[in-house]
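*Asks:* Here's my sequence, what's the structure:
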Amino acid sequence: MEIVLHKAATRGHANHGWLNSYHTFSFANYYDPEREKFGVLRVLNDDEVSAGMGFGKHGHSNMEIISIPLEGDLEHEDSMGNKTVIRAGDIQVMSAGTGVQHSEKNKNMDRKVKFLQIWVIPNKVNVQPRYDQIALDVTEMENTFKQILSPNRDDEGVWIYQNAWFHLGHFKEAHTTTYELKEVSNGLYVFVLEGECNIEGTILVSRDGLGIRNASSIDFEFTSFTKILLMEVPMSN
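*Replies:* Got it, this is the predicted structure:
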């Protein structure tokens, strides 16, 4: 088993006034040659957007873009004709493919919105752009890893053009569990949303990240109430 630990305080940081963003991997003006990506996991941004503000319309291509709201309401609009709101407990996915324009804005004028934006390098390029979002049942995350994303259109959660699986879990103190990788050649990137856990002897707290490769199963012990995101991804495309 090989691990790489990314403590929360070591992330890249950009504060634009209306946007306060932390970058686990190199992004925009933050560049670290040791933190360009983890396998096909290219971007993990932890964003906080002020009331009424947001990202104006801009373009992407050939990237799988996943948004997970943590607090507040995020309004999405794109060149495919979608105009929707995603809230805490939802997950949004967009396959940029041949190219798409979109905007993401805080729908509310009285509070911030917090969300994760995640980019995954696809295994199929120049596809027709597509958009989807679903509401998750948070009760199904209690003391278990609930699948929220996969490569399979008919499986639980949303799907993307990549051999990847994402899970969310809400665990009570002193709970223990094991995650079995779907593909042994994949790696697992763990991101703690809140709380504290022990993963194979490494302690993680809120907003810490841990990349693990060359393992078929990984043991977790939760030392406080913990919300955690798992991203199983190929280590090469």
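
*Asks:* any idea how this protein splits into domains?
*Replies:* Residue ranges for the domains of the chain, per automatic domain parsing: 11-136, 139-234.

*Asks:* do you know which of these lies nearest residue 4?
*Replies:* domain 139-234 (4.3 Å; C-beta to C-beta). Where C-beta positions appear, they are placed from N, C-alpha and C, glycine not excepted.

*Asks:* which stretches of this structure have low pLDDT?
*Replies:* In the predicted model of the chain, residues 237 satisfy pLDDT under 70.

*Asks:* For the nearest residue to residue 110 once chain neighbours are set aside, give me its contacts.
*Replies:* Distances taken as C-beta to C-beta, 6 or more residues apart in numbering place residue 51 nearest to residue 110, at 5.8 Å, with adjacent residues excluded. Going by C-beta atoms under 8 Å, 6 or more residues apart in numbering, residue 51 touches 106, 108, 109, 110, 111, 112.

*Asks:* List buried residues within those residues.
*Replies:* Buried members of the contacts of residue 51, scored by 16 or more other C-beta atoms under 10 Å, are 106, 108, 112.

*Asks:* just so I know, which of the domains of the chain lies nearest residue 3?
*Replies:* domain 139-234 (5.3 Å).

*Asks:* Please state the offset of the closest one from the chain centre?
*Replies:* 11 Å (C-alpha atoms, centre = their mean, to the nearest Å).

*Asks:* swap in stretch 60-74?
*Replies:* With C-alpha atoms, centre = their mean, you get 8 Å for stretch 60-74.

*Asks:* for this structure, what spans make up the helices?
*Replies:* With helices called from DSSP state H, the chain shows none.

*Asks:* Need the domains of the chain in CSV (columns: distance to residue 3).
*Replies:* Shown next, in CSV, are those (distance: least, C-beta to C-beta, whole Å):
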stretch, distance to residue 3
domain 11-136, 11
domain 139-234, 5
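
*Asks:* Centroid-nearest residue for the protein?
*Replies:* Closest to where the C-alpha atoms of the chain average out (C-alpha atoms, centre = their mean) is residue 118, at 4.5 Å.

*Asks:* from memory that residue sits against residue 46, does it?
*Replies:* No. Under the criterion of C-beta atoms under 8 Å, residue 118 is not in contact with residue 46, lying 10.1 Å apart.

*Asks:* tell me, what's touching those two both at once?
*Replies:* Counting by C-beta under 8 Å, 6+ apart, nothing touches both residue 118 and residue 46.

*Asks:* what's next to stretch 8-28, contact-wise?
*Replies:* Contacts for stretch 8-28 (C-beta under 8 Å, 6+ apart): 6, 29-30, 32-33, 35-38, 41-50, 53-55, 191, 205-209.
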